[in-house]
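Asks: I would like to see how this sequence folds:
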Amino acid sequence: MRARNIIRLTTPLILVGGVLGLGGCMNSQDDDNVEATAQHGEQVVAEIPGLARAFGQDAVPQLREVSCTSSPDPETASRNTRWRAATGTTVSSEQEARELTDAVKKHAESTGWVTQESDASHPGLERLYMATLDDLTLTINANNRGGSPEVRLAVVSPCLEKPDGHTMTRSEFDSMYGSSDPLYPNDDRSKFTNGEPKPLPDSPDDSTAADH
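Replies: Down below sits the predicted model:
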């Protein structure tokens, strides 16, 4: 009887210890995800100048960490995030869209991106190109709805869960950097340019090419 009572007393302690250990692992994973997303952001910022210029653009409207949720609440929105760079342009023809795509593909493949089979298209939206580099994904889509066709380029990292208190960041080359958006509380508000695009810096690949 005594042995049976000991089992009854100790079993809940073992379970509690297991739960606490699992919680600790989850918190550790969330902390690791913060570091991973920060590294993704550095990689996106480094890659986008060359890709954007191959796409015919000197600036991008979006270069930031974004929420993978639809919540307008900053705290909730910041619990699951990824980095995203995006830009777009109107084209006069499908031929022009293909030429832009070919230019990006040439640059991407020369800098380590691996071209992938297009995985999906949606009504009015055609996938022209997709490539991957480590954890990043590059896509070019053509939007044929409405008036002039629009071609959009985007680079994204994976969505990752974050711990309580995480806040999102954006590059100073994001056109809205410095605005009063509560999702980005750490922006330097004095650097807001009222949404005017900021020319991207030279990419490391441009510097290497210039040296040769």
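Asks: please count neighbours and contacts with C-alpha atoms only from this point.
Replies: Will do.
Asks: got any ranges where the chain has weak pLDDT?
Replies: Applying pLDDT under 70 to the chain flags residues 1-27, 119-121, 123, 146-147, 204-212.
Asks: any idea which residue sits dead centre in it?
Replies: residue 83 (2.2 Å; Cα atoms, centre = their mean).
Asks: how about the contacts made by that one?
Replies: Residue 83 makes contacts with 37, 40-41, 44, 63-66, 156-158, as judged by Cα atoms under 8 Å, 6 or more residues apart in numbering.
Asks: recalculate using a threshold of 7 Å.
Replies: Neighbouring residues of residue 83 by Cα atoms under 7 Å, 6 or more residues apart in numbering: 40-41, 64-66, 156-157.
Asks: and the residues you listed, which two are furthest apart?
Replies: Spanning the widest gap among the contacts of residue 83 are 40 and 66, at 12.2 Å by Cα to Cα.
Asks: please produce TSV containing the contacts of residue 83, extended by neighbour count and secondary structure.
Replies: Formatted as TSV, the contacts of residue 83 follow (neighbours: other Cα atoms under 10 Å; DSSP: H, G, I helix; E, B strand; the rest coil):
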residue	neighbour count	secondary structure
40	22	helix
41	25	helix
64	26	strand
65	25	strand
66	22	strand
156	23	strand
157	25	coil
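Asks: nearest to residue 170, of these?
Replies: residue 64 (3.9 Å).
Asks: the closest one pairs with what?
Replies: Beta-bridge pairing for residue 64 (DSSP bridges): residue 84, residue 170.
Asks: that one contacts residue 170, doesn't it?
Replies: Yes - counting by Cα atoms under 7 Å, residue 64 sits close enough to residue 170 to count as a contact (3.9 Å).
Asks: ranges for the strands of the chain?
Replies: 62-67, 80-90, 114-115, 125-133, 136-143, 150-156, 160-161 (DSSP state E).
Asks: what about the helices in the chain?
Replies: Using DSSP state H, the helices found in the chain span residues 2-54, 74-77, 94-110, 204-211.
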